[in-house]
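>>> Got a predicted model here, sequence first, then my questions.
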2 protein chains.
Amino acid sequence: MIETAPPPTNLIALEKQLKALANPKRLQILHLLMEGVHCNCELGELLDMSPNLISHHVSILRKMGLVEMERDVVDGRWVYFAVNEAVLAEFNQAYQLFFDPARIKPRRPTCGPQAGVVPTAVITVN
Amino acid sequence: MIETAPPPTNLIALEKQLKALANPKRLQILHLLMEGVHCNCELGELLDMSPNLISHHVSILRKMGLVEMERDVVDGRWVYFAVNEAVLAEFNQAYQLFFDPARIKPRRPTCGPQAGVVPTAVITVN
DNA sequence: TATATACTTCAAGAAATATTGAACTATTAT
DNA sequence: ATAATAGTTCAATATTTCTTGAAGTATATA
């Protein structure tokens, strides 16, 4: 039996987040929102996309909690979108944990002809 | 016209990386490879996947440089897969740059009724 | 009340991805 | 040489995701 440590991040959650972000339009929207741009119409103009498409992509970012919505106090027809800093920070941390290069364990094939071979490096040290 | 700083990471490259990683099987494979597990057959057993499927998913990780291949010196039929630490570190850095919460600029709608409104916080400071 | 505006939701088709089974390559053993 | 083993590539199908246009909400103006 092979011993493998469990991943430091929930893989199902990580996959959903990555899938939500792995899209050119949504990355562009996220970037613009980080820059402070907000309403649907403006995103649509900047990215040359129809309002319903913007709405669709933004809703995916909203469902994952990364983007928040707020109605204009003066004119409730206008809606502003903003990045949720806390959620972004959480995601950033989760990525770092999983994709941390320090997690890579030394190469030691557990199958094939070299399966049971003790690494020579370890022997020559002592 | 709206001034927006360019993204700190190439969005086309970032999207390709995220898309390659946004898959449950590939995340599992990547995790196992970080744990030191190597050959196709072993990955297939652990993840209950056929060798051709493993091969397909590993090839996607290999094309992005994240996984490397090496033939067994004793028996060339066996192939071992390993994570490229340098490439992983690069990716990690690129993610951090783009998804950095510190990049979020203060909210200031440039469209709608509040378009030209000067933020009150700035006024009350002086 | 009727109309306009900003945005969202729905349904259908288009495009991209994932999976499967079979054929193929490279290497080793008999 | 022949057969076996480990892995890859190919072609077809299944599945998911993206885009489009139309219909639907919510809010505001005339």
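Received it, and whenever you're ready, just let me know what you need.

>>> Would you mind confirming that residue A:108 is in contact with residue B:35?
No - at 10.2 Å, residue A:108 does not count as touching residue B:35 under the criterion of Cβ atoms under 8 Å. Yep, even glycine has a C-beta here, placed from its N, CA and C like the rest.

>>> Please identify the helix or strand for residue A:82.
strand A:79-83 (DSSP states H and E).

>>> immediately after that strand, which helix or strand?
Immediately after strand A:79-83, counting by DSSP H and E, sits helix A:85-98.

>>> returning to that earlier point: more neighbours: residue A:108 and residue B:35, which one.
residue B:35 (19 against 15; other Cβ atoms under 10 Å in any protein chain shown).

>>> avg pLDDT for the helix or strand hosting residue A:14?
According to DSSP H and E, residue A:14 maps onto helix A:11-21. The average pLDDT within helix A:11-21 is 97.

>>> what about that helix, near DNA strand D?
Yes - Helix A:11-21 reaches DNA strand D (Cβ under 7 Å from any atom of the strand) through residue A:19.

>>> following that helix, which helix or strand comes up?
Next element after helix A:11-21 (DSSP H and E): helix A:24-34.

>>> and the nearest residue to residue A:46 once chain neighbours are set aside, what does it touch?
Distances taken as Cβ to Cβ, 6 or more residues apart in numbering or on different chains place residue A:32 nearest to residue A:46, at 6.2 Å, with adjacent residues excluded. Applying Cβ atoms under 8 Å, 6 or more residues apart in numbering or on different chains, we find residue A:32 in contact with A:43, A:46, A:47, B:4.

>>> And the residue in chain A that DNA strand D sits nearest to, how far from DNA strand C?
Proximity of chain A to DNA strand D (Cβ to the nearest atom of the strand) peaks at residue A:76, 2.5 Å away. From residue A:76 over to DNA strand C the distance is 9 Å, taken as Cβ to the nearest atom of the strand, to the nearest Å.

>>> and if you look at residue A:102?
Going from residue A:102 to DNA strand C by Cβ to the nearest atom of the strand gives 27 Å.

>>> Burial check on that residue, number of neighbours?
When neighbours are counted by other Cβ under 10 Å, residue A:102 comes out with 9.

>>> pLDDT wise, what is the residue nearest to residue A:46 at?
97.

>>> distance of it from residue A:100?
29 Å (Cβ to Cβ, to the nearest Å).

>>> now residue A:89, nearest residue through space, not along the chain?
residue B:101 (4.6 Å).

>>> The one you found and residue A:88 touch, don't they?
Yes - when contacts are counted by Cβ under 8 Å, residue B:101 is listed as touching residue A:88 (4.8 Å).

>>> Please list all residues in contact with the nearest residue to residue A:13 once chain neighbours are set aside.
Spatial nearest neighbour of residue A:13, chain neighbours left out: residue A:94 (7.6 Å); criterion: Cβ to Cβ, 6+ apart. Counting by Cβ under 8 Å, 6+ apart, residue A:94 makes contact with A:9, A:13, A:14, A:17.

>>> Can you select the buried ones among those residues for me in PyMOL?
Selecting the buried subset of the contacts of residue A:94 in PyMOL, with 16 or more other Cβ atoms under 10 Å in any protein chain shown as the burial test, is done by:
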select buried, chain A and resi 9+14+17
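
>>> Check the contact between residue A:20 and residue A:60; I expect there is one.
Yes - here residue A:20 reaches residue A:60: they are 5.4 Å apart, a contact under Cβ under 8 Å.

>>> Between the two, which contacts overlap?
Contacts common to residue A:20 and residue A:60, judged by Cβ under 8 Å, 6+ apart, are residue A:26.

>>> what's the spacing between residue A:62 and residue A:92?
Where residue A:92 is concerned, residue A:62 sits at a distance of 18 Å (Cβ to Cβ).

>>> same question, residue A:79
26 Å.

>>> again with residue A:7
For residue A:7, the distance to residue A:92 (Cβ to Cβ) stands at 17 Å.
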